[in-house]
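J.: What shape does this take:
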Amino acid sequence: MQCSRSVGTRKGAIAVYIEPWHIDVREFLDLKKNSGEERRRTHDLFPALWINDLFMKRASNDDTWTLFDPYEVSDLTKLYGEEFEKRYIEYEQRDDITKEVVSAKALWKEILRNYFETGNPFLTFKDNANRANPNSHAGVIRSSNLCVTGDTRLATQFGLVKAKDLEAMNKKIYATYDYRTFGDRKKYGVGIAECIKMYKTKENANIYKIKTKDGYEIKSTNWHEYYVVRDNKIIKIPLKNIKLSDKLLIQSQDGQFGTKGYYELGLIAGFIAGDGTFATNKAKKSGCYYRFI
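T.: Got it, this is the predicted structure:
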């Protein structure tokens with residue numbers, strides 16, 4: 001796939017998600033292979049699996065796994081956790097729908113074989129994502145958000161940590177979110193929610209920088225979604241759809257800054273850094289002093 005502009009072209013980036021019960025899942029796994037019939041390959045597409053806990057349980061226990069026609073079981077995409085398992089098992093017991101029974105362990109091995117050979121599909125976990133979703137009132141999460149750069153910092157219980165460092169952590173991560181993400185622009189404040197693991201999904205993606213009138217900056221792909229105020233309403237839209245007149249929401253209250261240090265130390269460091277005492281060039285300004293009581 002190519003995305004054209006007024007001058008030349010640049011590579012596009014699209015990730016397509018299916019769940020492991022999809023009847024065409026094995027053909028889906030082969031999309032990035034360098035061998036086989038070329039008409040069945042999509043080298044510029046990024047396949048991803050939206051894996052549920054039930055599949056992993058079946059694979060671990062070497063049980064059977066049933067594949068379905070998504071047209072006949074479309075409600076499975078809207079369910080997760082216990083509700084998904086109950087409905088999935090109900091479909092397994094029906095004889096009036098299209099299905100195919102396979103080995104869950106064999107399918108998992110095939111998934112891993114393709115992952116090691118091609119780096120795809122992306123492996124993302126549906127139940128974990130939805131259990132940790134602070135915006136569950138807005139519906140079920142059906143895919144991941146491939147968006148931020150490795151140096152993007154998130155407010156966590158460890159402090160403001162870069163995304164690439166969070167990926168390397170083998171610990172639970174609790175991130176700060178703004179109450180206004182629920183849609184009420186007047187509800188200021190922040191909450192804390194457990195996150196799913198951070199994964200590296202792509203290298204050499206096209207990165208864009210947003211800079212506000214107040215000087216705030218953030219880098220992301222053009223499909224990363226932001227909360228903005230437009231026509232007095234809070235909406236969530238990808239970067240490519242943001243207008244110059246949109247008001248970008250930033251965190252409305254102090255978040256998490258870790259357990260090291262304290263507010264007064266940060267204040268002192270801010271005064272010193274702002275005074276120019278710390279500088280990379282040889283010439284340094286002096287003559288500005290502060291007295292703390």
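J.: and residue 117, what is it in contact with?
T.: Counting by Cβ atoms under 8 Å, 6 or more residues apart in numbering, residue 117 makes contact with residue 33. C-betas here are computed from N, CA, C, even on glycine.
J.: one more time with 10 Å
T.: By Cβ atoms under 10 Å, 6 or more residues apart in numbering, the residues touching residue 117 are 32-35.
J.: What pLDDT is listed against it?
T.: For residue 117, the pLDDT comes out at 80.
J.: Where neighbours are concerned, which of the contacts of residue 117 has the most?
T.: Compared across the contacts of residue 117, residue 32 has the highest neighbour count, 19 neighbours, by other Cβ atoms under 10 Å.
J.: just to revisit the earlier point, widest-spaced pair of the contacts of residue 117?
T.: Largest separation among these by Cβ to Cβ: 32 and 35, giving 10.8 Å.
J.: Mind listing the shared neighbours of the two?
T.: With Cβ under 10 Å, 6+ apart, residue 32 and residue 35 have common neighbours 41, 117.
J.: quick one: low-confidence parts of the stretch 51-200 of the chain?
T.: Applying pLDDT under 70 to the stretch 51-200 of the chain flags residues 145-148, 196-197, 199-200.
J.: which residues sit against stretch 91-108?
T.: 20-21, 23, 25-26, 29, 51, 54-73, 75-76, 109-110.
J.: Any idea how far apart the tips of it sit?
T.: 21 Å (Cα to Cα, to the nearest Å).
J.: that older thread, show only the entries of the contacts of stretch 91-108 found in strands.
T.: 51, 64-68 (DSSP state E).
J.: ok, of those, which one's closest to residue 130?
T.: Out of those, the member with the shortest distance to residue 130 (by Cβ to Cβ) is residue 51, at 12.2 Å.
J.: What distance do you get for the residue nearest to that closest one when sequence neighbours are not counted to residue 107?
T.: Leaving aside its sequence neighbours, residue 51 sits nearest to residue 125 (Cβ to Cβ, 6 or more residues apart in numbering; 5.2 Å). Between residue 125 and residue 107 the distance, using Cβ to Cβ, to the nearest Å, works out to 16 Å.
J.: Isn't residue 217 up against residue 153?
T.: No - Residue 217 is beyond contact range of residue 153, at 11.7 Å (criterion: Cβ atoms under 10 Å).
J.: which of the two has more neighbours?
T.: The neighbour comparison of residue 217 against residue 153 (other Cβ under 10 Å) goes to residue 153, with 14 against 8.
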